[in-house]
Structure formats: C-alpha cells, structure tokens
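A.B. asks: Have a look; sequence and predicted model below, questions after that.
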Amino acid sequence: MKKLLTLAVLLAVCLPLLSDTILVQGPPQKPLSGGGGGGGGGSAFTVSQHMAVLNGGAGDNITSTSTNTVGATWIVIALANYQGEVDGFNNSMVDNQSNTYTKLTQYGPGSGGRNYVTWFYCMNPVTSATHTFTAHGRIPNYVVIWGTGGTPAFDTTTGTSAGSGTTLQPGSITAGGSPCALFLASANADATSLSSVNSSFTILENINHTANGASLGVSWLAQTTATAVNPTSTFSGSASPAVTMISIK
C-alpha cells in the first residue's frame, strides 16, 4: 500500500513537468549585413554631407572652408576645370589630413576646348572636425561628398563628352558588388549647369560658374542590389557637355 501511495505522489509531481515546453536560449545572433557578390558587402551607403566649392575666377588653387568629416569611411570629389590635361593643365586634390586621392579619367572636348571633369576618391580616409580640401587645376570648381557604407572600395568608372548638346549619358555601369553607390558628375561650359538627371538619381550640388570656369552638377544613387544604370543628364545650355560616373561598393 505504501508503494502505491509513493508511486501516486511521484506521478502527481512529474506529469505536469513532462507536459511543459522547456525553452533553451542560446547566445544572441549577430544581424546579417547587406551586400555580397563580387567583393561588395557591408552596410547600406549613406551620404553624411556634401560641399560645393566655387572658384569664382579666383585662380588655379582653391581651398575649401573647414568642415567636419569625422566618421566618414569614404570621400569622393568631382572636379571641373576650365581647361584640361590635354592643354597641359594637370589637376589634383589634396587635403590637410595628408590623405591620398586617386584621380580617374578626365573627360572634356579636346585641345583648346573648355570644360573638363573628373572624379577623385579616397577610401578609409583620415578624417577631422576641421577638414579642408584644396584643388589644383585650371580655374577649378569642385564638389566633395563623404559618408559611410559598403566595404568600402572603388568599383569602376565611365564617362564621355561632346562638342555640344543638352543631354548626355556617361555609359552603363553595373557595380561589381552590393550594396553600392553611384555618383554622376555633369559639367558644361555654360554659365548654368545641370537641369535634371533621370534614373532615380538625386542632385546633391549644382555649381553655376562665374567668370571663366566650368559649371558642375553632382548627383547620386544608392543601390541595395547592383543593377545596370545609365542616367541621362539634361543641361540648361549646350556648350561642351561632359559627364562621368563612379561606382563604389
């Protein structure tokens, strides 16, 4: 009888426990970062800030005002010159943090023409709360853009120029990794520059030159997944348009 009572007690205690679900929580999982494919990866691209520097006919070496770039993991710079390398006017970019800027292909109308445009970039730059930039070239105007996202790494570039016209495309780019960002520099020799850009590009800056110089508009597009894009720049005037696009991943 005692054995039966003992068994009854054990069953009364254990059966409710056997019917419960026991949850075991492991260590927290890290969120997956966006990207992949072909060397991309990292977080989505974000433009932290951008700055236009207008020459105003002041000379061939133009330094920006001081700005805060702290936290940026990439810097890209679009530079438009009144005259270009074909006429012996080499251009370059430096800053007060001793960063090295890689210069890409310069596009323009050829010898004796006006309006040349090119991109510079620096990945994982030294940043500063008092960052300044200096352009060397023939009456340069330029736009500095900085932000975060991606690996980051330079991907590819394309561009073209024409003697005249109010629309121009740089050539299609499909970035080699995701996420990615594409930046388009659109310049011409008129006193007014960019009117619009299609393909979902957002205009960041638009410099209308004064005196001698080249007008410059800069736009950008962030892509979560890299897809082919060949935007059309529409200009207010038609004098010597030139466009060039850079992708980073």
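C.D. replies: That came in fine, so what should we check first?
A.B. asks: name the helices or strands packed onto the helix or strand that contains Met51?
C.D. replies: According to DSSP states H and E, Met51 maps onto strand 43-53. Helices and strands touching strand 43-53, by 3 or more Cβ pairs under 8 Å, 6 or more residues apart in numbering; DSSP states H and E, are strand 141-150, strand 202-207, strand 215-223. C-betas here are computed from N, CA, C, even on glycine.
A.B. asks: Next, the buried residues of whichever helix or strand comes after it.
C.D. replies: The helix or strand immediately downstream of strand 43-53 is strand 61-63, counting by DSSP H and E. Buried positions in strand 61-63, judged by neighbour count with 16 or more other Cβ atoms under 10 Å: Ile62.
A.B. asks: now stretch 145-161: mean pLDDT?
C.D. replies: Mean pLDDT, stretch 145-161: 97.
A.B. asks: Over to that stretch now: how far is its first residue from its last?
C.D. replies: Stretch 145-161 has an end-to-end distance of 23 Å (Cα to Cα, to the nearest Å).
A.B. asks: which of the residues in it are buried?
C.D. replies: Residues of stretch 145-161 classed as buried under the neighbour-count rule (16+ other Cβ under 10 Å) are 145-155, 157-159, 161.
A.B. asks: try stretch 94-108
C.D. replies: In terms of neighbour count (16+ other Cβ under 10 Å), stretch 94-108 has its buried residues at Val94, Asp95, Gln97, Asn99, Tyr101, Lys103, Leu104, Gln106, Tyr107, Gly108.
A.B. asks: quick one: which of those residues is nearest to Gly137?
C.D. replies: Gln106 (9.6 Å; Cβ to Cβ).
A.B. asks: what's the pLDDT at the closest one?
C.D. replies: On pLDDT, Gln106 comes in at 93.
A.B. asks: If we ignore the residues flanking it in sequence, what's nearest it?
C.D. replies: Nearest residue to Gln106, sequence neighbours excluded (Cβ to Cβ, 6 or more residues apart in numbering): Thr118, at 4.1 Å.
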